[in-house]
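Novice: Kindly return the folded structure for what I paste below:
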Amino acid sequence: MKKVIINPSHGGIDSGIVSGKFIEKDWNLEFAKKLQNKLKSLGIDTYLTRDDDTSITISDRLNRINSLINNQDDVIVITIELIDSNESGSEIVYGLKEIDTLSRNISDAIESLGQSIIKFYQLRNPSNTSLDFYEIIRESKANNNLIVSYGNPKNSFDNSFLINNLNSLVESTANAINDYLTKKNIYIIKRGDTLFSIAKEFNITVDELKNANNLTNNALIVGEELIIPNTKELDNDTTGNDEEMDMYVTYIVKSGDSLYSIAKLYNTTVDVLKDINNLPSNTLAIGDKIKIPASNSSQNTTYSDYTVVKGDSLYSIATKFNTTVNEIKSINNLTSNTLAINQVLKIPSLTGNNNQIENYSTYTVKKGDSLYKIASLFETSINQIKEINNLTSNILAIGQVLKIPSKNQTPSNFINYTVKSGDSLYRIALSFNTTVNEIKSINNLTSNNLSIGQVLKIPN
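Specialist: Residues are numbered from 1 along each chain as shown. Presented below is the predicted three-dimensional model:
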């Protein structure tokens, strides 16, 4: 049975964060009750660890949680809390034994409402790094445990965001959970897949896969869905078993790539790439993942040392240094994603790109940034920024340093913003630290009405 247990933190004499009229324990409880109602309306059994203003110990919360779980249950425990720090944005912590699929779903949902994501990560117990730091995760019997901190009420932007967007946050969180519970056993067929490769990926047999999907032959169609029986979910950043990860690194296809250019870049051949990736033709699509033989993956690479700090994961480090989890694991001979504080990792630094732009300035990514926004700010293109920084995706991390082509060092007076679902002039003005009247004046707007997809000039 699929269940969700919501754990609103604080309560009773423990008020949590208090900022003016904002009281965390009350916000957490209101959010939890609304989320419970929404999940129930979607047909998901949902429970609360507290449903009133009561003080509850961690031990009592865990007793309540574990009493609701049977061995056969598929259970999510989500602890609702807020951040007490100088930072603005949301954070998500998930368990060491879990992958980041659900955390990523919720992170994307929060970010879509205009709230920045500081990080989502796993946190180890310093006295025993095989255990989770937080007791509410460590001692829970649930197979999915996470702590979601939706913002910092002591920050003026976050305070307003939490108050004005409570219902939207509930809706987006519920949808993210529902998508995870209903779609996690579904696999979308992609280019190069075979029944054998998919069965191997999920540690099942071809016959089990065919029986679950009533398949009479081995033919597959790109884009169709397959049911994965008794699935063992995989981290998005890993493919296959440890032996396979030692043999290959992953390359993500970008604009302008061809099998020939990739083969030349990694000192291999087109036929080798087609063979190990089960490619029926030379056609590639942007975003495709290509396996590269590890022996050919050096690509004139030099390395720098990075010392692991509290909160780091292979994913966050790979994002920060514009590389991949598999590449870091390959270089450092890692057989798992486990890291220890103060562990020193070799990080690749590509030096052999003939297309690298020599003259550039640097820009440090801040809250709310995206490649589109930065490209607009410096009157360049997303592809040019990705190329000069060797980026394989559009994901950015706060504090990440980007190279900007030198001819575009000075930003224009305005940036462009595309209106999305749920936007209002007030929300946009608040996000960009300007006023409704200023946006209306710049864009010659005569009313507050907006349409999805409308492009607005925002004062820089």
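Novice: what separates residue 67 from residue 16, distance-wise?
Specialist: 25 Å (Cβ to Cβ, to the nearest Å). Placement of C-beta: from N, CA and C, glycine included.
Novice: Spatially nearest residue to residue 430 (excluding sequence neighbours)?
Specialist: Leaving out its chain neighbours, the residue that sits closest to residue 430 by Cβ to Cβ, 6 or more residues apart in numbering is residue 160, at 6.2 Å.
Novice: Same question for residue 16.
Specialist: Residue 16 sits nearest to residue 24 (Cβ to Cβ, 6+ apart), 3.0 Å away.
Novice: Does the residue nearest to residue 430 lie in a helix or a strand, and which?
Specialist: Using DSSP states H and E, residue 160 falls within helix 156-164.
Novice: Pull the residues that contact whichever helix or strand comes after that helix.
Specialist: Downstream of helix 156-164, the first helix or strand assigned by DSSP H and E is helix 166-183. Contact with helix 166-183 is made by 2, 4, 27, 30-31, 34-35, 38-39, 42, 44, 74, 76, 78, 101-102, 105-106, 108-110, 112-113, 148, 150, 162, 422, as judged by Cβ atoms under 8 Å, 6 or more residues apart in numbering.
Novice: cool, stretch 276-286 as well?
Specialist: Contacts of stretch 276-286 (Cβ under 8 Å, 6+ apart): 191-194, 197, 248, 253-255, 257-259, 270, 273-274, 290-291, 293.
Novice: Now which of these would you call buried?
Specialist: 191-193, 248, 253-254, 257, 259, 270, 273-274, 290-291 (16 or more other Cβ atoms under 10 Å).
Novice: mind giving me CSV with those residues and columns for secondary structure, distance to residue 280 and pLDDT?
Specialist: Putting the buried ones among the contacts of stretch 276-286 into CSV (DSSP: H, G, I helix; E, B strand; the rest coil; distance: Cβ to Cβ, whole Å; pLDDT from 0 to 100) gives the following:
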residue, secondary structure, distance to residue 280, pLDDT
191, coil, 8, 76
192, coil, 8, 77
193, coil, 11, 79
248, strand, 19, 61
253, coil, 16, 74
254, coil, 21, 70
257, coil, 18, 73
259, helix, 12, 79
270, helix, 13, 78
273, helix, 13, 80
274, helix, 8, 79
290, strand, 14, 78
291, strand, 16, 76
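Novice: Please convert those to CSV, extending it with distance to residue 336.
Specialist: Shown next, in CSV, are the buried ones among the contacts of stretch 276-286 (distance: Cβ to Cβ, whole Å):
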residue, distance to residue 336
191, 29
192, 26
193, 25
248, 17
253, 27
254, 28
257, 30
259, 31
270, 33
273, 27
274, 30
290, 24
291, 20
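Novice: following the helix or strand harbouring residue 93, which helix or strand comes up?
Specialist: Element membership of residue 93 [criterion: DSSP H and E] is strand 90-94. Where DSSP H and E defines the elements, the next helix or strand beyond strand 90-94 is helix 101-111.
Novice: State the next helix or strand along the chain beyond that following helix.
Specialist: strand 117-121.
Novice: Pull the residues that contact that following strand.
Specialist: Contacts of strand 117-121 (Cβ under 8 Å, 6+ apart): 83, 87, 89-94, 100, 103-104, 107, 110-111, 311-313, 316, 397-398.
Novice: If any of those residues are buried, give me the ChimeraX selection for them.
Specialist: Restricted to buried positions by 16+ other Cβ under 10 Å, the ChimeraX selection for the contacts of strand 117-121 reads:
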select :83,87,89,90,91,92,93,94,100,103,104,107,110,111,312,313,316,397,398
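Novice: any low-confidence regions in the stretch 251-400 of the chain?
Specialist: 255-256, 287, 294-303, 319, 322, 326, 330, 333, 348-360 (pLDDT under 70).
Novice: for the stretch 101-250 of the chain, that is, sorry about that
Specialist: 183-186, 203, 212, 223, 229-249.
Novice: where do the strands sit along the stretch 201-350 of the chain?
Specialist: Remark: strands assigned in the stretch 201-350 of the chain by DSSP state E, counting those that start in this stretch are 225-227, 248-252, 289-293, 301-307, 344-350.
Novice: Which of those strands sits closest to residue 393?
Specialist: For residue 393, the closest of the strands of the stretch 201-350 of the chain is strand 248-252, at 6.7 Å, according to Cβ to Cβ.
Novice: Could you measure from the residue nearest to residue 430 over to residue 15?
Specialist: Counting by Cβ to Cβ, the gap from residue 160 to residue 15 is 20 Å.
Novice: How many neighbouring residues does the residue nearest to residue 430 have?
Specialist: Neighbourhood size, residue 160 [other Cβ atoms under 10 Å]: 15.
Novice: So it sits against residue 427, correct?
Specialist: No - contact criterion Cβ atoms under 8 Å: residue 160 and residue 427 do not qualify, at 9.2 Å.
Novice: coming back round to it: so which of the strands of the stretch 201-350 of the chain gets nearest residue 391?
Specialist: strand 248-252 (9.5 Å).
Novice: And the helices in the stretch 301-450 of the chain, which stretches?
Specialist: 314-320, 325-331, 371-377, 382-388, 425-431, 436-442 (DSSP state H, counting those that start in this stretch).
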